[in-house]
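>>> Just the structure for this:
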Amino acid sequence: MKKIQMVDLKGQYENIKETVNNSIQEVLDTNTYINGPEVHKFQKNLEEYLGAKHVIPCANGTDALQIAMMALDLKPGDEVITADFTFAATVEVIALLQLTPVLVDVEIDTFNISVEAIKKAITPKTKAIVPVHLFGQAANMEVIMQLAKEHNLYVIEDNAQAIGANYKYFDGKKEKVGVIGHVASTSFFPSKNLGCYGDGGAIFTNDDDLAHKLRGIVNHGMYVRYHHDVVGVNSRLDSIQAAVLNAKLPLLDEYNAARQLAAQKYSQALANHDKIVTPYIAGERDSHVFHQYTLRILDADRNALMQHLLDKGIPCAIYYPIPLHSQKAYLDPRYKEEDFPITNQLVQEVISLPMHTELDDEQIKFITDSILEFLA
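Residues are numbered from 1 along each chain as shown. Have a look, this model is predicted:
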C-alpha cells in the first residue's frame, strides 16, 4: 500500500504534469507574471464554469473575503453575522475592518450556520450575513437569502471549501454555490478542491457595479494607472498560479466526483456503528464536494482515536479544536456558552480523515479498519 497522505498533491500532479508544466512554461516564455493572459483566461473560464457574471481573481481567499466586505461600504460598528464553527479567516477580516463580528451556532448535522441562530442574532445594526459552506457542503442558501431580503442585509458567501458544489432550490433549480449571495469569496490554497501551487483566491458577483468596485480595490484602487479612485489593496492572482488553475479547472468536476466516491466508501464501511456519525448530506449528492470528510465520534475518546490513527501512519486532523467565540482574539462578553451548544459539542467530537482525489480502495479499507479496531 502506498503511503497515505492527508492531501496527495504529488499524486494529483503526476497525472496532469505535462499540462501544468506547459501552462507554466508559457508564462515564463511570455514574461507576463502579473495580470497576464493566463489570469484573464482563468477569469473567463471560471465565470463560465460557475455561471457567474463576474469573477475577480485576487491573491488569496482571506483577501477575497476582506475585499468583498470593503466593496459593500460597511461602516465601523456594523454587525456581521457568521458561524462560530469555522476557520478564523472568516471572522478575522470582519475584525480587521472594524466591523462587529456576531458569532452564532451551527447545525448538528451539516455543521453549517443555523438559520434559527441567525434570526435570533439580527439587530438594527446588522448589515451582512456570511454563511460558510463548511467542509464542502452548501449552506441553506435559499432560506438565508429570504431572511436577508426581509431585513435588507447583504449575503457574502464564504466558498473557500465548496467550489463546484451545487445548491438545489425548493423548486428543483440548481445553482453553483458562490453565485447565490450578493458576493462570494473563494480560496485556491493548494489543498482546496481547486488548488494552485501557492496562494490564490477570487471574488464572485453578478452585480455589475459591485464588480467594478471590486476590480479597483484589488489593484490599489486604480482603474487607470496612477489614478486612485477608491481605497484599495494590492491583491492580485499571479500568472503562474492562474496557469496551474487553468490546467486543473477542466478536471474540477472529476476531482469532486472522486472525493464524493471516496466519501461514499468511507461511509459504507463505517455505517451503523453506534459510536460513529458519518457525514450528512443535506439534499443531493452534488451539494457536498467533501473538501473534508469529517466524522463525529460519540461516547469514545476522540483524541485517543486520533493518536491511534497517527501511530498507524494515517494522517488525520481536528477541524476545528477551539470555537471562535473562545479564541483569545475574539473573546466578547456578549457571548454566552449556552448560545453555542452545538459548536461546543462538535469541537469535542469531530475528526477529519484523509480526503483527496488519489485515495484508493486499499487505503480506505486500512483507514476504516483501523477506526473500527479502535472502537471495537
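
>>> Every contact and neighbour count from this point should use C-alpha atoms.
Will do.

>>> Give me the neighbour count for residue 187.
By other C-alpha atoms under 10 Å, 31 other residues sit near residue 187.

>>> Residue 154 too?
21.

>>> Likewise for the one 4 residues further on?
Neighbourhood size, residue 158 [other C-alpha under 10 Å]: 29.

>>> all helices for the stretch 151-300 of the chain, in order.
208-217, 239-248, 252-270 (DSSP state H, counting those that start in this stretch).

>>> right, so those helices: which one is the most enclosed?
helix 239-248 (a mean of 25; mean count of other C-alpha atoms under 10 Å).

>>> and residue 169, what is it in contact with?
residue 142 (C-alpha atoms under 8 Å, 6 or more residues apart in numbering).

>>> Looking at it now. What's its pLDDT?
Looking at residue 169, its pLDDT is 96.

>>> One more: residue 186?
The model's pLDDT for residue 186 equals 98.

>>> same check, this time on residue 283
On the pLDDT scale, residue 283 gets 85.

>>> That one: how many residues sit nearby?
14.

>>> Hmm, residue 168 and it touching each other?
Yes. Contact criterion C-alpha atoms under 8 Å: residue 283 and residue 168 qualify, at 7.4 Å.

>>> circling back: any chance of the helices of the stretch 151-300 of the chain in JSON lines, plus mean pLDDT and distance to residue 150?
Listed next are the helices of the stretch 151-300 of the chain as JSON lines, based on pLDDT from 0 to 100; distance: least, C-alpha to C-alpha, whole Å:
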{"stretch": "helix 208-217", "mean pLDDT": "98", "distance to residue 150": "21"}
{"stretch": "helix 239-248", "mean pLDDT": "98", "distance to residue 150": "38"}
{"stretch": "helix 252-270", "mean pLDDT": "98", "distance to residue 150": "34"}
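
>>> export the ones you listed to TSV and tack on distance to residue 183?
Formatted as TSV, the helices of the stretch 151-300 of the chain follow (distance: least, C-alpha to C-alpha, whole Å):
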stretch	distance to residue 183
helix 208-217	8
helix 239-248	21
helix 252-270	22
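
>>> so which of those comes closest to residue 133?
The minimum distance between residue 133 and the helices of the stretch 151-300 of the chain falls on helix 252-270, with 14.9 Å, by C-alpha to C-alpha.

>>> for that closest one, the distance to its chain's centre please.
18 Å (C-alpha atoms, centre = their mean, to the nearest Å).

>>> List the buried residues of stretch 69-79.
69, 70, 71, 72, 74, 78, 79 (16 or more other C-alpha atoms under 10 Å).

>>> Residue 233: which of those is nearest?
Using C-alpha to C-alpha, the buried residues of stretch 69-79 come closest to residue 233 at residue 70, 10.1 Å.

>>> who does the strand or helix carrying the closest one touch, helix- and strand-wise?
For residue 70, the host element (DSSP states H and E) is helix 61-71. Helix 61-71 sits against helix 89-96, strand 154-158, strand 183-187, strand 201-205, helix 208-217, with contacts defined as 3 or more C-alpha pairs under 8 Å, 6 or more residues apart in numbering; DSSP states H and E.

>>> List the buried residues of it.
61, 62, 63, 64, 65, 66, 67, 68, 69, 70, 71.

>>> C-alpha coordinates for it, PDB please?
Once non-C-alpha atoms are left out, helix 61-71 reads as follows in PDB (Å, rounded to 0.1, in the frame of the first residue of the first chain):
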ATOM      1  CA  GLY A  61      -9.000  33.600   0.000                       C
ATOM      2  CA  THR A  62      -8.700  35.800   3.100                       C
ATOM      3  CA  ASP A  63      -8.100  38.800   0.900                       C
ATOM      4  CA  ALA A  64     -11.100  37.800  -1.200                       C
ATOM      5  CA  LEU A  65     -13.400  37.900   1.800                       C
ATOM      6  CA  GLN A  66     -12.000  41.200   3.000                       C
ATOM      7  CA  ILE A  67     -12.200  42.900  -0.400                       C
ATOM      8  CA  ALA A  68     -15.800  41.700  -0.700                       C
ATOM      9  CA  MET A  69     -16.700  43.400   2.500                       C
ATOM     10  CA  MET A  70     -14.700  46.600   1.600                       C
ATOM     11  CA  ALA A  71     -16.700  46.900  -1.600                       C
END
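
>>> No further queries at this time; thank you.
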